[in-house]
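Enquirer: got a sequence here, can you model it:
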Amino acid sequence: MLDSITAFLKKNPDTKARVIAAQLDFDRADVSRVLHSHSDLFQQDAVYQWSLVEKSCRIEFSGRSWLIAKNFEDALKQTSCSVYDASSVVFVLKGDVKPMLDFLSRLLALSNQLVATGTSVTIDFSESRSVLSYLNRVEFFGVLNSRIAVLPKRPSGRVANAHRGKNVGVIEFRAIDPASPENDTPKLLQSSFVSCAGASYSKVAFTMLSELFGNVLEHSGTASPGFACLQFYKGSRKIQVVISDNGLGIVGTLAPVVPRKYPQVHDLMVNSEHPGVALLTEVFKRGSLSMVDSDGRGLGIWRSGDIAEKFRAKISVRQSDFELRVHHNHAGVQFTHRAELAPLQGTHICFEFKLDHESNAA
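Expert: Below is the predicted model:
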């Protein structure tokens, strides 16, 4: 009941107890008892309306270095506040930081998810105008929820429109909306990828990107748009491709059917340190794990992992509370993970290709 009341008041502040009870189908006396017994969470005004006690959370990213996904996760874990308990969250980028796509994708996804729950979200670039300018050019703000405040001022988008499509090493942030998908997105990503990496990547790039694009449309389990983007970093000769959704996640959609359809995988999950990590690892190793019964389904992640292995790519997959990383060395494919991360809905995949590596593909 406490969680339900908290979530309701996030979206509906200044509400009387009887209305809360009616909307949530709880007994009014029980609702009043919870409200009055948690003065640290709820406050009542002079006309007996209830709201959440204002709690703010500020998370800073600063320095003179590249920001990657690990920096994002570290900051969430190390902060003394919880973005999920706060009524307002401020993300601050300052100094000469240079955010990479894997960092930006998680900042974007979390910001959009928080504001959808009623949390007030602000991203402050006041002390890093160069990052603000860069994000405008790559159309970050076109996918960022319009209710999220941007400091010192949200860009108009005119600069982004002027630059769109003019740099082959960048595919700007593009929404993946299950309701009205832009089906040319995989082709655009492939074209940019091949322009930077060479024609030998053409077929595998399209296979990988179209599979993952299709997964977002079919299996995200939400009407909330996901997004895709690509960038070539000339200095390090790396290409990062990100495809994200805000749905149930790979593990969230597969786990309920595993005991019935894949008993051996279920046994691995039950006996593992982290069932989600065990399941996702099996998805990469085996393929053909799907929530539906059609032949040939559930191969998208497996095919992508196989392609990445041939081209010595690194893959990171962020799920609800963990990240699985797939990389390669002289011993073959290696899986590592990081657990007990802050909650984040959906599936957020980043491929990183180092172009200095020779392909093992035929």
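
Enquirer: moving C-terminal of the helix ranked longest in the chain, what's the next helix or strand?
Expert: As assigned by DSSP state H, the longest helix anywhere in the chain is helix 202-219. Per DSSP states H and E, helix 202-219 leads on to strand 226-233 as the next helix or strand towards the C-terminus.

Enquirer: and that next one, what does it pack onto?
Expert: With contacts defined as 3 or more Cβ pairs under 8 Å, 6 or more residues apart in numbering; DSSP states H and E, the packing partners of strand 226-233 are helix 101-116, strand 170-176, helix 185-197, helix 202-219, strand 238-244. The way it works is simple: take the backbone N, C-alpha and C, and place the C-beta from them, glycine included.

Enquirer: ok, now with 6 Å
Expert: strand 170-176, helix 185-197, strand 238-244 (3 or more Cβ pairs under 6 Å, 6 or more residues apart in numbering; DSSP states H and E).

Enquirer: between those, which gets the lowest average pLDDT?
Expert: Per-stretch mean pLDDT for the helices and strands packed on strand 226-233 is lowest at helix 185-197 (a mean of 85).

Enquirer: strands of the stretch 201-350 of the chain, start to end?
Expert: Here the stretch 201-350 of the chain has its strands, by DSSP state E, counting those that start in this stretch, at 226-233, 238-244, 314-318, 323-329, 332-338, 348-354.

Enquirer: quick check: residue 35 touching residue 42?
Expert: Yes: using Cβ atoms under 6 Å, residue 35 makes contact with residue 42 at a distance of 4.9 Å.

Enquirer: list residues touching both of these two?
Expert: Common contacts of residue 35 and residue 42, defined by Cβ atoms under 6 Å, 6 or more residues apart in numbering, comprise residue 50.

Enquirer: OK, contacts around residue 281?
Expert: Counting by Cβ under 6 Å, 6+ apart, residue 281 touches residue 335.

Enquirer: oops, could you answer that again for residue 279 instead?
Expert: With Cβ under 6 Å, 6+ apart, residue 279 has these contacts: 251, 269.

Enquirer: out of everything not next to it in sequence, what's closest to residue 339?
Expert: residue 322 (4.5 Å; Cβ to Cβ, 6 or more residues apart in numbering).

Enquirer: how many other residues sit next to that neighbour?
Expert: When neighbours are counted by other Cβ atoms under 10 Å, residue 322 registers 18.
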